[in-house]
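Peer 1: based on what follows, work out the 3D shape:
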Amino acid sequence: MSKKKHDSEEDRPEYVEPEPFKEVVDTTLEENKAVAWKNFESVYEPGYYGKILPDRLELALVEACLLLKRGRIRVFDSSKKQITFDELFRHSSALDKRFTERYRVYEDLRERGLLVRTGFKFGCDFRVYERGVQLKKGPKSAKEHTKWIVFSVPEDFTMSFQELSRSVRLAHNIRARMLWAIVDNEGDVTYYAITRHKP
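Peer 2: Coordinates of the predicted model:
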């Protein structure tokens, strides 16, 4: 099949700018989270970002940084000054010495199209689900459970075998696999799965 050649400017297809998000949601920075009080469903539902409560949406700082970078939210401080991505990243890094690695891994997992939730209550950085999973309350099928728990560390990270064993047991207890996400000095992420075997 031959392609039509455009002989003149009028024949060429017109370039159309991609549409920006229809709604950019305003959030307020509250120390270690960003909170949206209005129209937050449009942020939560497409990718299950944040923790939804009856009157607000609370975003962890890694979530807020990524959504700000993508133009989905605006972030304001307590004096109503709008905060840039770099300012929010610096604020987050001052609170968490591992924020650079955590953010890079979170961004990488989201870019792969995976559903990612924070994992602090499980003692890890992130809980990751298979593509296409819809979060719901109540009984879950095997596919709907957390598939991986992820720890984000720099390439020079060290730990004891006892700590490693505890983290593997944690994953096993919630029927997930454990991934170590190693972030190198160039910001590239490599994942290592560590599994438990009984002799």
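
Peer 1: and the helix or strand of the chain with the lowest mean pLDDT, what does it pack against?
Peer 2: For the chain, using mean pLDDT, DSSP states H and E, the weakest element among its helices and strands is helix 161-173, scoring a mean of 76. Applying 3 or more CB pairs under 8 Å, 6 or more residues apart in numbering; DSSP states H and E, we find helix 161-173 packed against strand 148-154, strand 177-183, strand 189-194. Using the backbone N, CA and C atoms, a C-beta is placed for each residue, glycine as well.

Peer 1: the first one - what's its average pLDDT?
Peer 2: Strand 148-154 shows a mean pLDDT of 91 in the predicted model.

Peer 1: next: the shortest one.
Peer 2: Here strand 189-194 scores 91 as its mean pLDDT.

Peer 1: in that strand, what's buried?
Peer 2: If you call a residue buried by 16 or more other CB atoms under 10 Å, then strand 189-194 has these buried ones: residue 189.

Peer 1: quick check: domain ranges of this protein?
Peer 2: 23-96, 98-199 (automatic domain parsing).

Peer 1: most packed of these?
Peer 2: domain 23-96 (a mean of 17; mean count of other CB atoms under 10 Å).

Peer 1: which residues of the protein score low on pLDDT?
Peer 2: Low-confidence segments of the chain (pLDDT under 70): 1-22, 132-144, 197.

Peer 1: for this protein, just list every one of the strands.
Peer 2: Taking DSSP state E, the strands of the chain run over residues 25-30, 33-36, 51-53, 56-60, 73-76, 82-83, 115-118, 126-129, 148-154, 177-183, 189-194.

Peer 1: out of those, nearest to residue 97?
Peer 2: Within the strands of the chain, the stretch nearest residue 97 is strand 148-154; the backing value is 10.2 Å (CB to CB).
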